[in-house]
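Engineer: fold the following.
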Amino acid sequence: MFPYESMISYWSGNELATNAVVVLNLAGALGLGLLVGYERSYHGRAAGMRTYGLVCMASCALTVIAGYPEAWFGGHNSIYMAAVDPTRVIQGIVTGVGFLGAGMIMRDGFTISGLTTAASIWASSVTGVLVGVGFYMAAIFLALLCAGVMVYMSRLESILPSRHAVAITMRFKPGFVPREGSLRDIAHDRGYQIAGGSLAIGSVQGMQEWRFVALERKHKSGAPMSVLAAELNAFEGIESFQLSHARN
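Structural biologist: Numbers count the residues shown, from 1 in each chain. Predicted structure coming up:
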């Protein structure tokens, strides 16, 4: 039977103190990751606060535990490390799970989805690593933070100022040649600007097709999507159009 003393060693004073250091580092990394992610979220990018917060926090967890190898496995690390190097096992885990998370990321036109799911899968693997090396308190804290980020951070993102982005596809009538400058002026008058590098122009059965992302010039400056749809429907040069929310 597994010795009772070995079980208790995982919750000894020294182990809890080490876990407390890891917990403080996780909280700091989460805060900084959210800060960087908010900048991306404000500009309408797909990877926002939740994605950056999860990745930054999980990366911190892997880095900080590497500084306390003497506390691994309840302080009995020498017994386990003699047979195998845990750092190589951890490296293989996070690399493999990274490929698994990449399979969750989907792109549909200008919209990218699955980034937060991919980040949460990777963060979940790091939680498992913390449990595996015996950092139980840090693992519990990381799991709670991850769940909190995914449940509540979307609400915070909706409250914080951000710039709404709309993916627009317009197909013009045969013979009608739109002018880019005019489209930019129209977008500007309605509180938007064409996002840099998003404009794509093609031709379908002799009709020009323009696709781009219209990004609000500032918070809540853009016209609602329903208003944009009504104006595009009345535009004489447009054969058809499509509007959708964009996270590019």
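Engineer: the top strand by length along the chain: which residues count as buried?
Structural biologist: Longest strand in the chain by number of residues, with DSSP state E as the criterion: strand 207-216. Judged by neighbour count using 16 or more other Cβ atoms under 10 Å, the buried positions of strand 207-216 are 207, 208, 209, 210, 211, 212, 213, 214, 215, 216. C-betas here are computed from N, CA, C, even on glycine.
Engineer: JSON lines please, covering those residues and showing pLDDT and distance to residue 245.
Structural biologist: Formatted as JSON lines, the buried residues of strand 207-216 follow (pLDDT from 0 to 100; distance: Cβ to Cβ, whole Å):
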{"residue": "207", "pLDDT": "89", "distance to residue 245": "25"}
{"residue": "208", "pLDDT": "91", "distance to residue 245": "24"}
{"residue": "209", "pLDDT": "92", "distance to residue 245": "20"}
{"residue": "210", "pLDDT": "91", "distance to residue 245": "18"}
{"residue": "211", "pLDDT": "91", "distance to residue 245": "15"}
{"residue": "212", "pLDDT": "90", "distance to residue 245": "14"}
{"residue": "213", "pLDDT": "88", "distance to residue 245": "10"}
{"residue": "214", "pLDDT": "89", "distance to residue 245": "11"}
{"residue": "215", "pLDDT": "88", "distance to residue 245": "12"}
{"residue": "216", "pLDDT": "89", "distance to residue 245": "12"}
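Engineer: and the strand or helix carrying residue 231, what's its mean pLDDT?
Structural biologist: In this structure, residue 231 is located in helix 225-234 according to DSSP states H and E. Averaging pLDDT along helix 225-234 yields 89.
Engineer: and the contacts of it?
Structural biologist: For helix 225-234, the external contacting residues (Cβ atoms under 8 Å, 6 or more residues apart in numbering) are 166, 168, 170, 190, 238, 241, 243, 245.
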